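# Model the structure of this input:
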Amino acid sequence: MSSQEGSVPIFFAFPDGVLHYVCAECTALCCRGQGFAGNVKREMDFLFRKYPPLAGMVTERQKNIVTCATPAGRCFFLRHDNLCQIEVENGRAYKPGVCMLFPFNDFYRIGNTVAIAPHFLCPMRLSLPAQPDGVEGSHAKIHQTIRETALLEPDFVRRFMPDLTLPAGLAAIDALNREIEFRDRCAAALGRRRFETTVEESSANPADLQSFRKRVTELMAWSTPRPSAARDEIDDLLLALAPAIRLEVLHHSREGLLRFLTLGEMLTRRAFTIGQAPPTLQGVYGVLEDMRPMLQLLAWTDDAPELKKTTLKSPSFGDPNLVYAAETFLHKMPTRGVLRALELAVKPLQSPADRTALVQQIAVTVGGASRRRPLQIGA
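Modelled structure (predicted):
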């Protein structure tokens with residue numbers, strides 16, 4: 001279920017009680033050039049009076065919420081021992097609201113509901129089994145901090161938290177319920193089941209997912225890691241990350257989201273076969289985020305995204321074979337769908353690296369030309 005702050009419902013896009021961080025283990029990454037925001041009634045008026053020059057760094061005001069810029073290298077208030085000078089001098093009650101919430105301050109909107117995802121700048125770690133009362137990633141603890149900071153004022157939410165795009169015809173309340181169901185499925189699987197199994201159990205047709213995975217593997221000329229029947233660390237990392245990762249691709253259908261995650265797992269496992277360090281939340285998230293354009297495009301399978309009325313041009317690859325392949329794809333995709341068009345386009349490209357570069361770069365082009373539909377309010 002989603003929780004509520006005033007009139008603004010909240011959806012936590014991550015399992016309860018499994019994400020943890022210890023500030024003493026970090027080098028204050030969140031305090032370096034990120035800026036901060038807070039509530040005039042709670043702490044900001046006090047801070048402007050205590051530190052008058054701070055008033056000259058205000059970049060935005062919306063009702064009671066004020067945003068301030070900070071230097072790129074380090075926040076004004078970051079001490080050399082990596083402690084916050086505001087908290088040291090005045091106590092936690094006067095720390096800016098966004099700073100108190102970090103790393104659980106990546107906000108989006110699904111209709112009228114605020115979806116909260118982790119910010120992976122923070123070197124969080126996965127803590128299993130779940131301890132809703134014993135880790136920082138506790139839904140109840142974060143909800144209490146939100147109440148303290150009053151950051152979810154309706155006017156601020158409407159203006160500064162981006163709407164997520166849904167497929168045509170899908171109401172926001174239905175999308176929200178779907179995401180709650182998937183998050184809870186992942187939470188139940190942590191420490192128990194494989195990610196692949198969890199994704200397939202969420203599908204109306206698991207055989208189609210398996211066929212899709214095989215087809216993309218051949219299309220991209222990717223080798224695949226040797227399959228294992230045993231669960232491993234990557235399974236749990238993906239189970240913890242997947243509900244938040246899905247927020248950026250909600251314009252896909254239910255099955256499209258599962259295709260995205262299926263490819264995401266395959267790409268992650270391939271990437272970490274060459275890694276010299278064990279996978280982490282940040283590492284897995286970084287792989288998926290860097291390659292998200294390609295994964296999103298491939299997830300359309302034999303459909304095509306709806307595009308604006310514009311002429312799509314090939315990226316400048318500096319290689320005539322890649323340019324020709326891109327032009328072939330862009331010409332064929334609207335009528336043949338993504339995978340069929342790619343299967344025609346990549347025939348002259350033997351190198352897996354060239355095929356990956358082609359898809360990743362044209363995915364950025366197609367993404368910029370995609371027609372995104374507004375949300376249907378109602379969640």
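# show me what contacts residue 333?
By CB atoms under 8 Å, 6 or more residues apart in numbering, the residues touching residue 333 are 304, 341, 366. Quick note: C-beta positions are derived from backbone N, CA and C, even for glycine.
# Looks like the last one contacts residue 306 (just checking).
No: at 10.7 Å, residue 366 does not count as touching residue 306 under the criterion of CB atoms under 8 Å.
# higher neighbour count, those two?
residue 366 (22 against 14; other CB atoms under 10 Å).
# pLDDT weak spots in the stretch 151-300 of the chain?
Applying pLDDT under 70 to the stretch 151-300 of the chain picks out residues 225-228.
# go again using 80 as the cut-off
153-160, 224-229, 275 (pLDDT under 80).
# picking that back up, can you put the contacts of residue 333 in a markdown table and add distance to residue 197 and secondary structure?
Listed next are these as a markdown table, based on distance: CB to CB, whole Å; DSSP: H, G, I helix; E, B strand; the rest coil:
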| residue | distance to residue 197 | secondary structure |
| --- | --- | --- |
| 304 | 30 | coil |
| 341 | 31 | helix |
| 366 | 31 | helix |
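# and which of those residues is nearest to residue 119?
residue 366 (27.5 Å; CB to CB).
# which stretches of the stretch 1-150 of the chain form strands?
Taking DSSP state E, counting those that start in this stretch to define them, one finds strands in the stretch 1-150 of the chain at 3-5, 8-12, 19-20, 36-39, 58-62, 65-68, 106-110, 113-117, 125-126.
# got these as JSON lines, with distance to residue 256, mean pLDDT and mean neighbour count columns?
JSON lines is the format used below for the strands of the stretch 1-150 of the chain (distance: least, CB to CB, whole Å; pLDDT from 0 to 100; neighbours: other CB atoms under 10 Å):
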{"stretch": "strand 3-5", "distance to residue 256": "28", "mean pLDDT": "48", "mean neighbour count": "15"}
{"stretch": "strand 8-12", "distance to residue 256": "20", "mean pLDDT": "92", "mean neighbour count": "21"}
{"stretch": "strand 19-20", "distance to residue 256": "26", "mean pLDDT": "96", "mean neighbour count": "20"}
{"stretch": "strand 36-39", "distance to residue 256": "34", "mean pLDDT": "91", "mean neighbour count": "24"}
{"stretch": "strand 58-62", "distance to residue 256": "34", "mean pLDDT": "90", "mean neighbour count": "13"}
{"stretch": "strand 65-68", "distance to residue 256": "35", "mean pLDDT": "92", "mean neighbour count": "23"}
{"stretch": "strand 106-110", "distance to residue 256": "17", "mean pLDDT": "92", "mean neighbour count": "21"}
{"stretch": "strand 113-117", "distance to residue 256": "18", "mean pLDDT": "94", "mean neighbour count": "24"}
{"stretch": "strand 125-126", "distance to residue 256": "27", "mean pLDDT": "95", "mean neighbour count": "18"}
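# buried residues in the helix or strand hosting residue 262?
Per DSSP states H and E, residue 262 falls inside helix 254-272. For helix 254-272, a neighbour-count test (16 or more other CB atoms under 10 Å) marks 255-269, 271-272 as buried.
# now, which of the contacts of residue 333 sits nearest residue 142?
Using CB to CB, those come closest to residue 142 at residue 366, 35.9 Å.
# Tell me which residues touch that closest one, please.
Residue 366 neighbours (CB under 8 Å, 6+ apart): 297, 305, 307, 312, 330, 333.
# Among these, which has the minimum pLDDT value?
Lowest pLDDT within these is found at residue 312 (84).
# what's the spacing between the helix holding residue 262 and its chain's center?
How far helix 254-272 lies from its chain's middle: 14 Å, per CA atoms, centre = their mean, to the nearest Å.
# Repeat that for stretch 331-345.
With CA atoms, centre = their mean, you get 28 Å for stretch 331-345.
# can you pull the buried residues of that stretch?
Neighbour-count burial for stretch 331-345 [16+ other CB under 10 Å]: 332-333, 336-339, 341-343, 345.
# Which one of the strands of the stretch 1-150 of the chain lies nearest to residue 155?
Across the strands of the stretch 1-150 of the chain, closest to residue 155 is strand 58-62 (CB to CB), at 5.9 Å.
# and that closest one, what other elements does it pack with?
On a contact count with 3 or more CB pairs under 8 Å, 6 or more residues apart in numbering; DSSP states H and E, strand 58-62 meets strand 65-68, helix 154-160.
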